[in-house]
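Engineer: Just to be clear, the model below is a prediction. Sequence and coordinates:
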Amino acid sequence: MAENNCANPVWPCAMIGAVATLSGFSDLCIIIHGSSGCYYYPKSLLKVQLFSTLLLESEVVFGTIDRLYEVTTEVAKIGRPIVVVNTCVPALIGEDLKTVLSDIMATFVDSPGFCGNVEEGAAKAFVAMMPDIVADRSGVNIDGINPLDLFWRGNLYEMERLLDLLGIPVAVRFCHDTWENIRRGVSPVTISANPSYASGVGKSLGSMLFLDIPKTIDQCLTQFQNINADAVLAERQRAEEQMFYSCDKYLRKYAPPVVAIAAQESYAVFAKAMMERYFGSDVPVVFARNRTTMGVPYSVNSAEINAMIDEVNPDLILGSSFEAAACRNAAFFGITPPDRTHVFVAARPLVGVEGGLVLIEGALNALINNQKKRKFLNI
Amino acid sequence: MPENTYETRMAGCALTGALSVACFILGATVVVHAPQGCVHQMFSMLHATASDSEILAIPEIIVSDVSDCDVIFGGEECLFDALTQAATRRPDLILVMTSCVPETIGDDCGAVCAHHPYADRIVYVPTSGFLGGSAKDGENAVLTALANRAPIAELIPGTVALIGEKNLESEVDQNYAEVERLLDRLNLHVVVRFCRNCNYMDLMRLGTVACFILRDDWVADAGKNIGERFGRPVIPEMPRGLSECLVFLRVTGVACGIAEEWIAMAIAEETAYQNSMLAKFANLSGKTVFLGAEPFVGTTSVAREAITRLGMQESVDGFLIRLPFYLPIGVMGVEKMLYLWRRAVNNG
């Protein structure tokens, strides 16, 4: 396949990433400067209030500035802060949109779809936010909460729970907070739920993904006086024993599962390490959605990902239902969007102690159910 | 459609509409000249629809992936490469469409397609994202382009074609089953679903059918073209609501040359069928409901007919009923709506 070509791309564009990130601030008005075609997808994914200039062809021919001014002025009457997210065509025609917005005090995020993927859009949104780091703001910022993440609500609750157990207050939640709160300044230190959505704000103390917890707690102990890590570490220890127990029981009956993983880089690396540690798995296929890292190649090309998965005939796929649909013989547990194999309405974490348990529990149930199905169908 | 109205602004992009048809042609390959993100949106929607419909195979869309470099230096080479990639699969047809980005940077996509070695099997539909019109325009453009490739042919009695089924509608196959049920009363058979999970050769049989049934007026432009091209009657929409089913039987029967006594018998059987369906909701008789806002034109009239047939009343003080956004087709559609009413009335 030629360098650029891609079949069925599995990951959204930068515009979606910027809008999703900003949509975590409930007191913001987000305006998508583009056509209704660009507006519908984030609207349907995020299910929050979004505004748009809903551009027409004539406005592209004669310039989009008047339309942007019209919509922004109207939205400004609501009295909430405004962020304008740019899309491909207005970005190409070279208008000075920032100047228009300076009159209205709106923030501008130039993240047209052609400039990259979701994470690049999220990064552009964070740069545009420009939060001030306030040295005496107590606590930590929670990082890596993004509504595109299948686990974002569960991750947020689990992060807050663990930080509460540690005795560390939460300063700002990137991104499930208010714009007003972020403008008060943020803490100089940050702990992540999903490092692929890094805000880049302050000093990172690490992530609370299960295997990272001890190291991150060490960092917290260095950073904060008078915190107590015993409860969290004890809980983690119990969870680990439970995971070994349950996986050992599985391994008494079955061989270690061969696993294929296709997910955001942080979750992909985490899932691989978990499967190796608790199942002794062979993980011959790992793809990251957003970037190449730690020996994990990048791909959003569905044809390429599916071909590799097909080649290794895995027992378990940890990824999205795009991969699950292409390899129906394997067991599946969703760790990256979309997951259309089930209806999900409750909050589930992938981070923290409970997140580790959720992953292992999900993998075990998927594998056991698939074994039963194969036995029933005599495969 | 007049410029600068809310409807015009909310009309979606032509690429999405075009893909909603093009991706459902078996044996064809779809190439989109666009940044990846545009195609991801459609792929994601197709995946969601396929998951809903328990369809195993997801259509493959090859995207040229116009990047930030290509918007500066031009993306024609990317398109040519994508076409070459598509041609390696030796498809019956390559459908090429574009987003707003190549249109803005001035790529001559028509010339790239015309000069490609596989040109004779390439159908180029210059959708150009929102710069090429609305989602409706895109859908009509693909239907028309494909219909224009189908040869004029001799009529095969007793056959019909469905035009413009909404492939992204979650109940699309249930709607098809309902139309098939009605047509069966007239001993008519759907031989072409233009275009839903049909292969290219079957689509090319379009000119053999006795009449064309449009999904609704969304595809009226394509329907007009198809009717004129083949000189056969066009039924403007699949029936919504109870009385429309009876009208549909009559109009379609006449269009296909079915004998009057057969049509009358079909209508009598259908009327009895409707009455037996309504009997399940007899406990709604005498209840008062409030229909609220009409989400989609035509829904309220269908609902009011059901109110009358069931002996219910309508008042602002009644149980608030949410009307379905897209009223599904035929008696089945009314039945599904009445289940929701019953739930609301029984549970407050």
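Structural biologist: Perfect, thanks for sending it. It should be emphasised that the depicted structure is a prediction, and the values quoted were computed from it without experimental measurement.

Engineer: And the chain, what are its domain boundaries?
Structural biologist: Using chain A. Segmentation of chain A into domains, based on automatic domain parsing, reads A:14-129, A:140-231, A:239-377.

Engineer: Can you look at chain B instead?
Structural biologist: Following automatic domain parsing, chain B resolves into domains at B:6-147, B:159-276, B:280-347.

Engineer: what's the closest of the ones you listed to chain A?
Structural biologist: domain B:6-147 (2.4 Å; Cβ to the nearest Cβ). C-betas here are computed from N, CA, C, even on glycine.

Engineer: what about chain B, any weak spots by pLDDT?
Structural biologist: Scanning chain B for pLDDT under 70 picks out B:1-4, B:54-57, B:348.

Engineer: Repeat the analysis, applying 50 as the threshold.
Structural biologist: Within chain B, the stretches with pLDDT under 50 are B:1-2.

Engineer: returning to that earlier point: quick one: the domains of chain A as JSON lines, columns for mean pLDDT, mean neighbour count and distance to B:Asp184 too.
Structural biologist: Output for the domains of chain A, formatted as JSON lines (pLDDT from 0 to 100; neighbours: other Cβ atoms under 10 Å in any protein chain shown; distance: least, Cβ to Cβ, whole Å):
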{"stretch": "domain A:14-129", "mean pLDDT": "94", "mean neighbour count": "21", "distance to B:Asp184": "36"}
{"stretch": "domain A:140-231", "mean pLDDT": "96", "mean neighbour count": "20", "distance to B:Asp184": "44"}
{"stretch": "domain A:239-377", "mean pLDDT": "95", "mean neighbour count": "19", "distance to B:Asp184": "33"}
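
Engineer: And for B:Thr127, nearest residue in space, chain neighbours not counted?
Structural biologist: B:Ala14 (4.0 Å; Cβ to Cβ, 6 or more residues apart in numbering or on different chains).

Engineer: who touches that neighbour in this structure?
Structural biologist: When contacts are counted by Cβ atoms under 8 Å, 6 or more residues apart in numbering or on different chains, B:Ala14 touches B:127-130, B:132-135, B:137-138, B:141.

Engineer: follow-up on the earlier one: tell me which of the domains of chain B sits most buried.
Structural biologist: Mean neighbour counts were compared across the domains of chain B using mean count of other Cβ atoms under 10 Å in any protein chain shown; the top stretch is domain B:6-147, at a mean of 22.

Engineer: end-to-end on that one?
Structural biologist: 31 Å (Cα to Cα, to the nearest Å).

Engineer: Same question for stretch A:339-352.
Structural biologist: 21 Å.

Engineer: chain center to it: distance?
Structural biologist: With Cα atoms, centre = their mean, to the nearest Å as the basis, stretch A:339-352 stands 13 Å off its chain's centre.

Engineer: does chain B sit close to that stretch?
Structural biologist: Yes. Under the criterion of Cβ under 8 Å from any Cβ of the partner chain, stretch A:339-352 makes contact with chain B via A:340-341.

Engineer: Next, B:Pro239: secondary structure please.
Structural biologist: coil (DSSP: H, G, I helix; E, B strand; the rest coil).

Engineer: thought it was touching B:Arg250?
Structural biologist: No. Look at B:Pro239 against B:Arg250 with Cβ atoms under 8 Å: they stay out of range, at 10.7 Å.

Engineer: Can you classify A:Phe287 by secondary structure?
Structural biologist: strand.

Engineer: how far away is it from A:Ser302?
Structural biologist: 10 Å (Cβ to Cβ, to the nearest Å).

Engineer: Who does A:Arg173 form a beta bridge with?
Structural biologist: A:Ile142 (DSSP bridges).

Engineer: right, and it touches A:Val140 too?
Structural biologist: No. Using Cβ under 8 Å, A:Arg173 is not in contact with A:Val140; the gap is 10.2 Å.

Engineer: Setting aside sequence neighbours, what's the nearest residue to whichever residue of the stretch 251-379 of chain A sits closest to chain B?
Structural biologist: Here the residue of the stretch 251-379 of chain A nearest chain B is A:Arg340; by Cβ to the nearest Cβ that distance is 3.8 Å. Using Cβ to Cβ, 6+ apart and skipping the chain neighbours, the partner closest in space to A:Arg340 is B:Ser51 (3.8 Å).

Engineer: Could you check how far the helix or strand containing that neighbour is from the centre of its chain?
Structural biologist: Assigned by DSSP states H and E, B:Ser51 falls within helix B:36-53. Relative to the centre of its chain, helix B:36-53 is centred 16 Å away, using Cα atoms, centre = their mean.

Engineer: where along chain A do the strands fall?
Structural biologist: A:6-7, A:29-33, A:51-52, A:82-86, A:107-109, A:140-143, A:170-173, A:189-192, A:203-207, A:258-263, A:282-288, A:316-319, A:331-334 (DSSP state E).

Engineer: Let me have those in a markdown table, adding distance to B:Arg196 as columns.
Structural biologist: What follows is the strands of chain A, written out as a markdown table (distance: least, Cβ to Cβ, whole Å):
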| stretch | distance to B:Arg196 |
| --- | --- |
| strand A:6-7 | 22 |
| strand A:29-33 | 31 |
| strand A:51-52 | 31 |
| strand A:82-86 | 35 |
| strand A:107-109 | 39 |
| strand A:140-143 | 45 |
| strand A:170-173 | 45 |
| strand A:189-192 | 45 |
| strand A:203-207 | 46 |
| strand A:258-263 | 30 |
| strand A:282-288 | 32 |
| strand A:316-319 | 29 |
| strand A:331-334 | 28 |
